[in-house]
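Asker: give me coordinates for this.
(chains A, B and C)
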Amino acid sequence: MQNQFLDPAIKWEENGESLKIYTPKEFSFRQNLKYLSRSPNECLFEATEDKIIRALSLHNETVLIEITAENDTMLVVRFLADTASREKEAVVKYVYEWFDLGTDIRPFYDLAKRDPILHNFVHHFFGLRIMGIPDLFEALAWGIMGQQINLAFAYTLKRRLVEKFGTFVEHDGRKYWLFPKPEAIAHLQIKDLTELKMTGRKSEYLLNAAKLLLHDELSKEQLLQTNNVKEVEKILTKIRGIGPWTANYVLMRCLRFPNAFPIDDVGLHNSLKLALERDEKPVKEEILSFSEGWAEWKSYATFYLWRLLY
DNA sequence: CGCCAGGGTGTGA
DNA sequence: TCACACCATGGC
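Answerer: Here you go, the predicted structure:
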């Protein structure tokens, strides 16, 4: 059941009320679930030991889906809360992109095997993918909110924003929240966001990002028109509040550039400190020299290194 | 209580 | 270009 609007590489089929999406050999649902379960304060989906439930906003409808895996050869998507979709292709596309199923990560594993740092642990996380943030506004907002604060507090800020300005689908007495659209944020006042305990600066950055997206002065499609990572980084860092870290974070988790590299990331520094069994975090010059060996797979190297922290 | 947190901007040399 | 102050709040 292929569709002309979907990447023909996506293999999927409709099976009764569920959708089945075939996964590559280098994919482990369990490994990705572990990543998704890292915060008890996550508000955009529910990840348990064997399934994920989340709401999705498509063009003309909102659905609530449950994702499970069968034999690690396919993902199975079911519609909950009576939200059977008419936009099945869009659901398949979202899930495919979220799990980064379109990337052949075998070259990364070949590279990691010979890497002095990566070879020690990458095999422990076999099948882990860079879990994405397909929505550009959500990715930018998450990046901005996460600047210079600990991750636990970042999750709290996200929850406050979502529960104040987002929408939800109810199922079994639980609310499944959707990240607010740019139009729900763009017209707010700074005060509306500082009330959530974001700093004044972050509030400005977030409002500005919402306005750019709302007015189509920035879009995922536009950013994906070039495949030059440095060029897109330049476009993003021209935006006030988006520096090298946020730009590369978005390049990695939303725009899916495999060679994006948030070198200023404190988590990455701590991961390397742990991986190298050092007492101090490595300095930037040293990290640069490590990353030379990661070539076109810096984002995957970073994501696997992060896994050492939890 | 003190240190640090998945940074970014603005300033001054 | 590069160091440095400042932002400002919470987790631990």
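
Asker: what's around the closest residue to residue A:113 other than its chain neighbours, how many residues?
Answerer: Excluding the flanking residues, the one nearest residue A:113 by CB to CB, 6 or more residues apart in numbering is residue A:119, at 5.5 Å. For glycine as for every other residue, the C-beta is placed from the backbone atoms N, C-alpha and C. By the measure other CB atoms under 10 Å, the count of residues near residue A:119 is 12.

Asker: now do residue A:119 against DNA strand B, distance only.
Answerer: Note on residue A:119: its distance to DNA strand B, by CB to the nearest atom of the strand, to the nearest Å, is 23 Å.

Asker: do you know the pLDDT at that residue?
Answerer: Predicted confidence (pLDDT) for residue A:119: 98.

Asker: ok, it touching residue A:110?
Answerer: No - counting by CB atoms under 8 Å, residue A:119 stays clear of residue A:110, with 10.9 Å between them.

Asker: so who does the closest residue to DNA strand B within chain A touch?
Answerer: Residue of chain A nearest DNA strand B, by CB to the nearest atom of the strand: residue A:243 (2.6 Å). Shown in contact with residue A:243 (CB atoms under 8 Å, 6 or more residues apart in numbering): A:237, A:264.

Asker: interface residues of the stretch 51-200 of chain A facing DNA strand B?
Answerer: Proximity of the stretch 51-200 of chain A to DNA strand B, by CB under 7 Å from any atom of the strand, involves residues A:146, A:147, A:148, A:149, A:150, A:151, A:152, A:153, A:154.

Asker: for the residue nearest to residue A:113, phi and psi?
Answerer: Main-chain dihedrals, residue A:119, degrees, to the nearest 10: phi -60, psi -20.

Asker: any idea how far residue A:208 is from residue A:233?
Answerer: Distance of residue A:208 to residue A:233, given as CB to CB, to the nearest Å: 18 Å.

Asker: the two: which is more packed in?
Answerer: Neighbour totals were compared for residue A:208 and residue A:233, and residue A:233 leads with 20 against 17 (other CB under 10 Å).

Asker: quick one, helices of chain A?
Answerer: A:29-36, A:88-98, A:106-113, A:136-145, A:151-165, A:182-185, A:190-194, A:200-214, A:220-223, A:229-237, A:244-253, A:266-275, A:284-292, A:298-306 (DSSP state H).

Asker: list the buried residues of the first one.
Answerer: This points to helix A:29-36. Under the neighbour-count criterion of 16 or more other CB atoms under 10 Å, helix A:29-36 has A:29, A:31, A:32, A:33, A:34, A:35, A:36 buried.
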